[in-house]
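Trainee: Can you look at this prediction? I've put the sequence above it.
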Amino acid sequence: MKIRVFLIICFYSAFQIISAQKAPTIKNDVVYYLSSIFEGGKKNNLCRDKGHIVFNTNKKTAACFTSCSFMQLQFSQKGTAFGFTITGQPKDPCPDMLLGIEEDLKNNLPKVNSYQIKGKDLIFFSNKDTLFVFHEK
C-alpha cells in the first residue's frame with residue numbers, strides 16, 4: 001500500500017513539473033532580426049540584419065520589414081504549428097540589391113507551417129526544411 005501511494009505521489013509530482021514547463025513562445029512587440037534565409041536548401045547569410053519581424057501576439061498580426069519596405073502579415077498558431085498570411089504588400093519594390101530578400105520573404109512566408117525557438121533564435125520551417133532564422137537582440 002505504501003508503495004502505491006509513493007508511486008502515485010511521484011507520478012503526480014512529475015506530471016505537475018512537466019505541465020509547468022512551457023515551450024518558449026514568440027514574444028509580443030520584440031524585434032526579431034533576419035539572420036538567414038534558406039532557398040532550395042542553401043543558406044543565404046548575406047541577408048543578415050537586412051530585415052526584421054515584429055509580432056503583435058494579441059492581434060495575431062506581424063509586420064516584416066526589409067531595409068526599404070514592409071509586409072503586413074496575419075498568423076495562426078497552435079502549439080508549434082504556425083502559418084502566415086500576407087495581408088499587405090509594399091507598393092514600391094526594393095532596389096535590385098534587396099529585391100532577392102524581399103522576394104524570398106514574400107514567396108516563403110506563406111510556406112511556413114511550424115516554428116521553434118532555440119535560445120534567442122526564432123526558426124521557421126516548412127515541414128522539416130528550415131526557411132528562415134531570425135534572432136532577438
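Mentor: It's in.
Trainee: Tell me which helix or strand comes right after the helix or strand of the chain with the lowest mean pLDDT.
Mentor: Among the helices and strands of the chain, helix 2-20 carries the lowest confidence by mean pLDDT, DSSP states H and E, at a mean of 53. Next in sequence after helix 2-20, counting helices and strands by DSSP states H and E, comes strand 31-39.
Trainee: partners of the very next helix or strand once past that following strand in the sheet?
Mentor: Using DSSP H and E, the helix or strand that follows strand 31-39 towards the C-terminus is strand 42-44. The pairing partners recorded for strand 42-44 under DSSP bridges are strand 31-39 (antiparallel).
Trainee: how about the partner strand: buried residues?
Mentor: 32-38 (16 or more other C-beta atoms under 10 Å). C-betas here are computed from N, CA, C, even on glycine.
Trainee: For those, give me JSON lines that also has pLDDT and distance to residue 125.
Mentor: JSON lines is the format used below for the buried residues of strand 31-39 (pLDDT from 0 to 100; distance: C-beta to C-beta, whole Å):
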{"residue": "32", "pLDDT": "96", "distance to residue 125": "15"}
{"residue": "33", "pLDDT": "95", "distance to residue 125": "19"}
{"residue": "34", "pLDDT": "93", "distance to residue 125": "16"}
{"residue": "35", "pLDDT": "93", "distance to residue 125": "15"}
{"residue": "36", "pLDDT": "92", "distance to residue 125": "13"}
{"residue": "37", "pLDDT": "91", "distance to residue 125": "13"}
{"residue": "38", "pLDDT": "90", "distance to residue 125": "10"}
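Trainee: Sounds good, over and out.
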